[in-house]
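A.B. asks: would you be able to build a 3D model of this:
(2 chains, ligands or ions: 4)
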Amino acid sequence: MENNHKKSRRDFIRSGTRLSLLITLGAVGGLAAKHVTAEKYVWQIDPFKCTQCGRCATSCVMTPSAAKCIHAYDLCGYCDLCGGYLKPDANQLSTAAENQLCPTAAIQRKYIEEPYFEYVINEDLCIGCAKCVKGCTSFGNGSLHLQIIHRICLNCNECSIARLCPSQAISRVKASKSYNVKGSFTKDGKV
Amino acid sequence: MKNCIKISLIFIFLLFSLAGMTQQQRFPKPEFGNGYSQPTPITPEPRALALEYTDVVVLLVVLSLASWMAIRKRSRRGLLWLSVFSLIYFGFYRNGCICSVGSVQNVALTLFDPGYAISITTLLFFLLPLVFTLYFGRTFCAGACPLGAMQDLLIIKPISLPEWLRKTLGIIPYLYLTLAVLFAATGTDFIICRYDPFVGIFRMDAEFHMVILGIAFLLMGMFVARAYCRFLCPYGVILSWMSRFSKWHLSITPVACIQCKLCSDSCPFDAIDYPTDEKQSKSTKWGVNRFLVYAILIPLWIFIGGFAGSRAHTWISKANPTVYLAELLVSNPEVRNDQKNLDVQAFLSSGKPLETLVKEATVIRRKFYTGSWIAGGFMGLVIGMTLLSQVVYRKKADYQPHKGNCYSCGRCMNFCPVKK
Ligand code: SF4
Ligand code: SF4
Ligand code: SF4
Ligand code: SF4
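C.D. replies: Residues are numbered from 1 along each chain as shown, chains lettered A, B, ... in the order given. Ligands and ions are numbered 1, 2, ... in the order given. Predicted coordinates for the structure are as follows:
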């Protein structure tokens, strides 16, 4: 009889605690729910903040990195002497591998008409090292820039490049605007 | 000759652009005549939102099945296959992200940073397992957690650890949880994700030291079963407390324990409590005194912990990149000339004044100060309570799983000779 008493008391305490734990969970959930979003968020590089430090190639959890160079053709000058394609100290205008900036020869150059060339990035080869981006931004129009390619990106809970980016160029954005591709100067006259 | 002209042309253009024409293209895009079609940049879309919701549904189904198998069906084999499924789905297919263990940080960040938007999937991944645990015990650990499944499948010859060692190591998860919340709340880092030993295996790609860590954990796990779960997992701390008060829980015997002792060594995690023998449970006067002393000491522990935490806050806050950079620039101004230090160079080229950075760092450090008091105090409480639990004997008549530590894996059920 006394045992039963003890037992029911213990049960009472237990269910009381359970209820309070449930309320705590509810409160945490409720507080968090204020900031809850039904939209998906992804990581994105702001090409205007990026300083081409090179960490994109080494910090991503994927090898090769999910950050890759993309080309805003609208911005490109189609230059023969491309600052993103050739090393600045290239001693002669030849497209030999030792004169190319890209360590993996991911940029393919195609003749269009005298004296213009089209530059296409081979995504499978690009490792996101930003060397070409630096070259293009310093000597050209800045049409080459890095973006996180979402076919490859795992959408980590915390992007490990974002944590290490010295320019805080990477942030979470709504998945509906997952890319920040540089626009064109010529088309609408603004950056 | 041709080159020379081109290079000088570049220079002229550079001069032009420097002379205030920054909005202009250096090299205007040529007008192409005959049918040149310009390629468009390839921008593949991210994984669809609907698939994220599928993950939640899968989690819900797995949790329900696991609870049913642990409590009603009493099937170890069912739980085993369920965990294999979770390992494949949440582990290898979803690459271990998002997982409930890491979601603690998202929730902490949401509570402290109003600017952070938590996705509903993440919130549900945090809440669902806890609610299930509150009713059915840690069936999440048994069937749904890919980290647990990975370790569980590799248990070969579990050794039993002495209780003092288990209790001592059992403090680490509390510390890990506290630090993870502190770092997440201050927007510093998500350490649970960063040091997850198994996620590298799931995505088959990781830094070298993380690969080593993962393999080390798996090798160790052959003998120290579920080493990560027992002595590190921060989510396990919360689960364990939910489970202690769960409404239902897996039981070893389907009807009533006949004290045959057959199950006593069946748990690889030392989670089975033995019946207390009468002698031990009889509280001597000394035992009561000790209980009182330990209970009185708890506030002191809290204070010591909080004080130690607040002392350490300068050091801990250096994990925050803003604080680190500000301190580096203030204490060591020559670093400005270090061309190799990317963080410093990027900061200098951003044109942000040092005062702003220092101001930001001060705000963050103040948060760390408050946070470290709380975190330290909490750790003090944990230590005090652990000591207290050493002198509390609760009378147990049967062989029962310890509700907090049992992962509901169901191994022990097969050892019980009692049938329904
Ligand atoms: S880490 Fe940041 S600054 Fe460096 S290349 Fe990537 S986006 Fe640019
Ligand atoms: S230089 Fe680097 S970023 Fe540019 S295409 Fe090559 S690998 Fe990619
Ligand atoms: S979210 Fe992860 S996979 Fe994507 S770019 Fe960042 S580190 Fe790489
Ligand atoms: S203790 Fe943690 S890691 Fe282990 S199964 Fe449970 S949630 Fe997963």
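A.B. asks: pLDDT on the top helix by length along chain B, on average?
C.D. replies: Counting residues, the longest helix found in chain B (DSSP state H) is helix B:354-390. Across helix B:354-390, the average pLDDT comes to 95.
A.B. asks: any idea how far it is from the chain center?
C.D. replies: Relative to its parent chain, helix B:354-390 has a centroid offset of 18 Å by CA atoms, centre = their mean, to the nearest Å.
A.B. asks: got the buried residues for that helix?
C.D. replies: Neighbour counts over helix B:354-390 (16 or more other CB atoms under 10 Å in any protein chain shown) mark B:357-358, B:360-361, B:364-365, B:367-368, B:371-384, B:386-388 as buried. C-beta here means a position set from N, CA and C on the backbone, and glycine is covered the same way.
A.B. asks: residue B:113 - how many residues pack around it?
C.D. replies: Neighbours of residue B:113 under the rule other CB atoms under 10 Å in any protein chain shown: 14.
A.B. asks: tell me the contacts of it?
C.D. replies: Residue B:113 is in contact with B:185, B:187, counting by CB atoms under 8 Å, 6 or more residues apart in numbering or on different chains.
A.B. asks: pLDDT at it, what is it?
C.D. replies: 91.
A.B. asks: measure it to residue B:318 for me?
C.D. replies: 20 Å (CB to CB, to the nearest Å).
A.B. asks: residues contacting the residue positioned nearest the centre of chain A?
C.D. replies: Residue closest to the average C-alpha location in chain A (CA atoms, centre = their mean): residue A:148, at 3.1 Å. Contact analysis of residue A:148 by CB under 8 Å, 6+ apart lists A:42-45, A:66-68, A:159, A:161, A:170.
A.B. asks: ranges for the strands of chain A?
C.D. replies: A:36-37, A:41-45, A:67-71, A:107-113, A:116-121, A:144-148, A:170-174 (DSSP state E).
A.B. asks: what number of residues lie near the residue in chain A that chain B sits nearest to?
C.D. replies: Using CB to the nearest CB, the single residue of chain A nearest to chain B is residue A:77, 2.8 Å away. By other CB under 10 Å, 21 other residues sit near residue A:77.
A.B. asks: could you find the closest non-adjacent residue to it?
C.D. replies: Distance criterion CB to CB, 6 or more residues apart in numbering or on different chains; nearest residue to residue A:77, sequence neighbours excluded, is residue B:27 at 2.8 Å.
A.B. asks: any idea which element the one you found lies in?
C.D. replies: Assessed by DSSP states H and E, residue B:27 sits outside every helix and strand.
A.B. asks: any idea how far it is from residue A:84?
C.D. replies: 12 Å.
A.B. asks: which one's more surrounded, these two?
C.D. replies: Between residue B:27 and residue A:84, residue A:84 has the larger neighbour count (other CB under 10 Å), namely 29 against 21.
A.B. asks: correct me, but that one touches residue A:119?
C.D. replies: Yes: assessed by CB atoms under 8 Å, residue A:84 is found in contact with residue A:119 at 7.0 Å.
A.B. asks: give me the common contacts of those two.
C.D. replies: A:107, A:144.
A.B. asks: low-confidence ranges in chain A?
C.D. replies: A:1-3, A:90-93, A:184-191 (pLDDT under 70).
A.B. asks: so which bits of it are right by ligand 3?
C.D. replies: With CB under 6 Å from any ligand atom as the criterion, chain A comes near ligand 3 at residues A:43, A:60-62, A:66-67, A:148, A:153-156, A:159-161.
A.B. asks: tell me the contacts of the residue most central in space within chain B?
C.D. replies: For chain B, the residue nearest the mean C-alpha position is residue B:192 (3.7 Å; CA atoms, centre = their mean). Residue B:192 makes contact with B:101-102, B:104-105, B:176, B:180, B:234, according to CB under 8 Å, 6+ apart.
A.B. asks: so which of the residues you listed also contact chain A?
C.D. replies: B:102, B:105 (CB under 8 Å from any CB of the partner chain).
A.B. asks: ChimeraX command for the buried members of the contacts of residue B:192?
C.D. replies: Command for ChimeraX that selects the buried part of the contacts of residue B:192, burial taken from 16+ other CB under 10 Å:
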select /B:101,102,104,105,176,180,234
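A.B. asks: and which of the contacts of residue B:192 is nearest residue A:127?
C.D. replies: Nearest to residue A:127 out of these is residue B:102 (CB to CB; 27.2 Å).
A.B. asks: host element of that closest one?
C.D. replies: Using DSSP H and E, residue B:102 falls in helix B:100-112.
A.B. asks: show me what that helix packs onto, helices and strands only.
C.D. replies: In terms of contacts (3 or more CB pairs under 8 Å, 6 or more residues apart in numbering or on different chains; DSSP states H and E), helix B:100-112 is packed against helix A:2-33, strand B:118-119, helix B:120-136, helix B:171-185, helix B:191-194, helix B:234-244.
A.B. asks: how about those in a markdown table, adding distance to residue B:78?
C.D. replies: Listed next are these as a markdown table, based on distance: least, CB to CB, whole Å:
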| stretch | distance to residue B:78 |
| --- | --- |
| helix A:2-33 | 26 |
| strand B:118-119 | 31 |
| helix B:120-136 | 14 |
| helix B:171-185 | 28 |
| helix B:191-194 | 29 |
| helix B:234-244 | 20 |
